[in-house]
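Undergrad: sequence first, then the predicted structure:
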Amino acid sequence: MSELAERFETHEPGAKQAGEKIRCDACPVMCYIAEGRTGACDRYGNVGGRIVRSDPLVILNHAEEAGGAIVPFLGEDEWDGALLNTGPRFVTAIGAGTTYPDYKPAPFIVSQEVEGVELVTVVTEGIFSYCGVKVKIDTDRHIGPETATVRAEGEAVGHVTTGEYGSQMLSLGGVTHLTGGSKSEGRVTCDTLLNLCNRKPVELAIDGGATVIVEAGKAPVIDGKAEHRMRVGCGSATIGMFATQWRGLVDEVVVVDDHITGVVSEHQAGKVLGWEDTGIRIIGRRSTPGRYFKVSEPGLGWGGTTISDPLAILGEWNPKKGARPGLSLLMVSTTGEQFAYYELDEQLKPVEKAFPERLRKSVGLIEDNCEPALCTVLFIGGAGGSLRAGVTENPVNLTRSVQRLQTYVTVGGAPVYVWPGGGITLMVDVTRVPENAFGYVPTPALVAPIEFTMRRDDYVRLGGYAAEIRSIDGIVAHGGEYANPRHGAVASGRNPWPPLAQLQRFAVDGRKP
């Protein structure tokens with residue numbers, strides 16, 4: 001408790017120092033920090049009477065010859081200490097510091113020539129109160145009803161949103177959870193977002209649903225069970241893809257699915273192939289031929305349903321429409337994980353039999369076409385007026401430049417998707433951002449690196465801080481305002497840079513050629 005009290009100690013406005021402590025102005029908390037200690041965010045500390053950024057400034061090296069991959073040691077001679085990778089370098093905002101308070105330019109405004117074009121990259125660690133994450137969980141299993149509250153440590157941090165093809169979706173964070181609830185809700189929400197963005201596992205509990213462990217780039221764990229694969233498609237799509245594999249091997253196939261259960265003999269694919277009627281009856285709402293809705297409530301059973309016995313979705317077989325003793329039936333889930341084989345007895349009741357070898361290949365083909373189940377975490381945030389003021393004295397000019405595609409936006413060097421419409425609302429896949437790139441301030445808010453790259457003449461034209469432009473060599477040699485240590489890293493081959501293909505498409509006045 002004493003350490004927390006020290007971190008949040010306040011003094012009269014306008015005082016720069018209190019005893020041997022120094023006030024940090026990197027965020028609205030404005031901690032007074034003693035020698036050798038860090039502030040409440042653990043990002044800034046008092047070292048020798050000076051505020052120092054505790055994490056290093058990350059500079060990405062792009063290996064041109066290797067397409068961004070790590071360059072191996074070549075040859076038999078010992079390394080002489082010279083740079084092996086002489087490709088272009090990119091100063092990220094990771095460890096750069098912030099524009100806060102926002103009357104000042106961004107911590108680093110860097111110029112370098114790339115392929116004959118002089119580019120300027122403006123970097124800052126943005127403080128995002130208006131931010132969150134969108135989580136995609138590859139599973140057919142029911143994790144909770146739409147709009148259900150998602151909790152971490154018992155606090156509401158988001159909700160279940162509309163499911164997508166083979167995946168369940170969560171929307172977490174946002175300004176309401178960060179600042180609109182209790183202090184505990186805001187703190188837990190901030191911790192949850194920070195861990196997810198930094199690719200750490202987080203346990204989430206969904207009201208009326210499952211407990212899920214989510215980690216970006218890893219398989220989800222649902223109620224203690226790890227998912228291995230996402231479905232190949234709905235039941236109808238599975239019929240369409242594999243009907244030819246079953247023709248002549250079995251009389252009827254039912255692909256069980258929570259949303260659209262498929263029946264091959266009725267399905268258009270079966271009819272085109274000349275499939276005969278079987279007299280089967282599915283208990284559910286018939287959509288189009290061979291496609292049935294609501295055969296079951298969503299759950300953790302076959303095909304994302306609640307059923308453990310697939311025969312529960314079958315009604316009486318009709319002998320007038322093709323049902324006969326000995327008729328063979330394959331029932332399979334949309335992932336191929338569950339399957340069973342039946343034959344009709346003399347009373348036209350399906351009786352389970354040993355699974356025939358002739359059908360194993362087709363079930364294996366369904367499994368082979370199912371991609372690995374993963375969790376995807378997208379950071380989403382709005383780059384508001386205060387952050388933009390570190391780029392230009394007239395912030396709307398930056399917004400318009402981004403919307404005209406004159407300015408290329410990245411997060412830690414990773415490409416982003418910028419939403420159409422007003423403002424700069426962006427999304428980025430956190431697995432493409434260097435590790436531990438995200439931080440926080442206890443207001444609470446998330447801190448995310450953001451870079452704006454454009455032609456130098458465009459930067460000057462939009463009212464940028466031309467006098468603050470520095471060379472990349474100067475950045476490497478001297479660091480920035482907060483005496484940042486520097487750290488080099490090799491860029492992911494998935495992250496393209498420099499963005500010349502985009503930036504050279506426009507004439508200098510910003511109009512399309």
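TA: Good, I have the coordinates.
Undergrad: if I look at the residue of the chain most remote from its centre, what pLDDT would I see?
TA: No residue in the chain sits farther from the centre than Glu346, which is 54.4 Å out by Cα atoms, centre = their mean. At Glu346, the model reports a pLDDT of 96.
Undergrad: check contacts around it.
TA: Pro325 (Cβ atoms under 8 Å, 6 or more residues apart in numbering). In short, each C-beta sits where N, CA and C put it, glycine included.
Undergrad: that one: what secondary structure?
TA: At Glu346 the chain is in coil, as set by DSSP: H, G, I helix; E, B strand; the rest coil.
Undergrad: got phi/psi on it?
TA: Backbone torsions of Glu346, given as degrees, to the nearest 10, read phi -70, psi -20.
Undergrad: how about stretch 333-340: buried residues?
TA: The neighbour-count check on stretch 333-340 (16 or more other Cβ atoms under 10 Å) flags 333-340 as buried.
Undergrad: redo those residues as TSV? Include pLDDT and secondary structure.
TA: Compiled in TSV, the buried residues of stretch 333-340 are given as follows (pLDDT from 0 to 100; DSSP: H, G, I helix; E, B strand; the rest coil):
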residue	pLDDT	secondary structure
Ser333	91	strand
Thr334	89	coil
Thr335	87	coil
Gly336	87	coil
Glu337	87	coil
Gln338	91	coil
Phe339	95	strand
Ala340	96	strand
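Undergrad: return the member of those residues nearest to Lys21.
TA: Distances from Lys21 to the buried residues of stretch 333-340, taken as Cβ to Cβ, are shortest for Thr335 (58.9 Å).
Undergrad: how much space is there between the closest one and Gly304?
TA: Per Cβ to Cβ, to the nearest Å, Thr335 is found 9 Å from Gly304.
Undergrad: between these two, which contacts overlap?
TA: 140, 231.
Undergrad: I'd like the average pLDDT over the lengthiest helix in the chain.
TA: Longest helix in the chain, counting residues (DSSP state H): helix 183-197. In this model, helix 183-197 has an average pLDDT of 96.
Undergrad: distance from that helix to the middle of the chain?
TA: 16 Å (Cα atoms, centre = their mean, to the nearest Å).
Undergrad: given the helix or strand just after that helix, what are its sheet partners and their directions?
TA: Using DSSP states H and E, the helix or strand that follows helix 183-197 in sequence is strand 202-206. Sheet pairing for strand 202-206, assigned by DSSP bridges, gives strand 149-152 (antiparallel), strand 211-214 (antiparallel).
Undergrad: any chance of those strands in JSON lines with mean pLDDT and distance to Val447 as columns?
TA: Output for these, formatted as JSON lines (pLDDT from 0 to 100; distance: least, Cβ to Cβ, whole Å):
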{"stretch": "strand 149-152", "mean pLDDT": "98", "distance to Val447": "19"}
{"stretch": "strand 211-214", "mean pLDDT": "98", "distance to Val447": "21"}
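Undergrad: remind me which residues of this protein are low pLDDT?
TA: Within the chain, the segments meeting pLDDT under 70 span 1-19, 62-88, 385, 478-493, 496-513.
Undergrad: for it, which segments are assigned as helices?
TA: Counting by DSSP H, the helices of the chain are 2-7, 175-179, 183-197, 235-246, 268-272, 357-368, 385-388, 395-403, 456-461, 472-478, 500-503.
Undergrad: what are the buried residues along the third one?
TA: By neighbour count, and taking 16+ other Cβ under 10 Å as the criterion, the buried residues in helix 183-197 are 185-197.
Undergrad: mind listing residues that contact it?
TA: With Cβ under 8 Å, 6+ apart, helix 183-197 has contacts from 131-133, 135, 152-158, 172-173, 177-179, 201-202, 204, 214, 216, 377, 379, 430, 433, 437-440, 442, 444-446, 448.
Undergrad: those residues, buried ones only, as a ChimeraX selection?
TA: Buried residues among the contacts of helix 183-197 (16+ other Cβ under 10 Å), as a ChimeraX selection:
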select :131,132,133,135,152,153,155,156,157,158,172,173,177,178,179,202,204,214,216,377,379,430,433,437,438,439,440,442,444,445,446,448
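Undergrad: so where do the strands sit in the stretch 301-450 of the chain?
TA: Here the stretch 301-450 of the chain has its strands, by DSSP state E, counting those that start in this stretch, at 328-333, 339-344, 350-353, 375-382, 408-411, 414-415, 417-418, 425-429, 439-441, 445-455.
Undergrad: the fourth one vs helix 183-197, what angle?
TA: Same thing as strand 375-382. Here strand 375-382 runs at an angle of 120 degrees relative to helix 183-197 (axes from the mean of the first three to the mean of the last three Cα atoms, to 10 degrees).
Undergrad: mind listing what Glu352 touches?
TA: Glu352 sits in contact with 340-342, where contact means Cβ under 8 Å, 6+ apart.
Undergrad: give me the distance between it and Glu316.
TA: Distance, Glu352 to Glu316, by Cβ to Cβ: 18 Å.
Undergrad: and for Val253?
TA: To Glu316, Val253 is 19 Å away according to Cβ to Cβ.
Undergrad: show me which of those two is the more surrounded one.
TA: Applying other Cβ atoms under 10 Å to Val253 and Glu316 shows that Val253 carries more neighbours, namely 29 against 11.
Undergrad: wouldn't that one be in contact with Arg247 here?
TA: No - here Val253 lies out of contact with Arg247, judged by Cβ atoms under 8 Å, at a distance of 9.8 Å.
Undergrad: shared neighbours of the two, which are they?
TA: Joint contacts of Val253 and Arg247 (Cβ under 8 Å, 6+ apart) do not exist.
Undergrad: can you put the strands of the stretch 301-450 of the chain in JSON lines and add distance to Glu468?
TA: Output for those, formatted as JSON lines (distance: least, Cβ to Cβ, whole Å):
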{"stretch": "strand 328-333", "distance to Glu468": "60"}
{"stretch": "strand 339-344", "distance to Glu468": "65"}
{"stretch": "strand 350-353", "distance to Glu468": "75"}
{"stretch": "strand 375-382", "distance to Glu468": "24"}
{"stretch": "strand 408-411", "distance to Glu468": "19"}
{"stretch": "strand 414-415", "distance to Glu468": "25"}
{"stretch": "strand 417-418", "distance to Glu468": "25"}
{"stretch": "strand 425-429", "distance to Glu468": "24"}
{"stretch": "strand 439-441", "distance to Glu468": "23"}
{"stretch": "strand 445-455", "distance to Glu468": "14"}
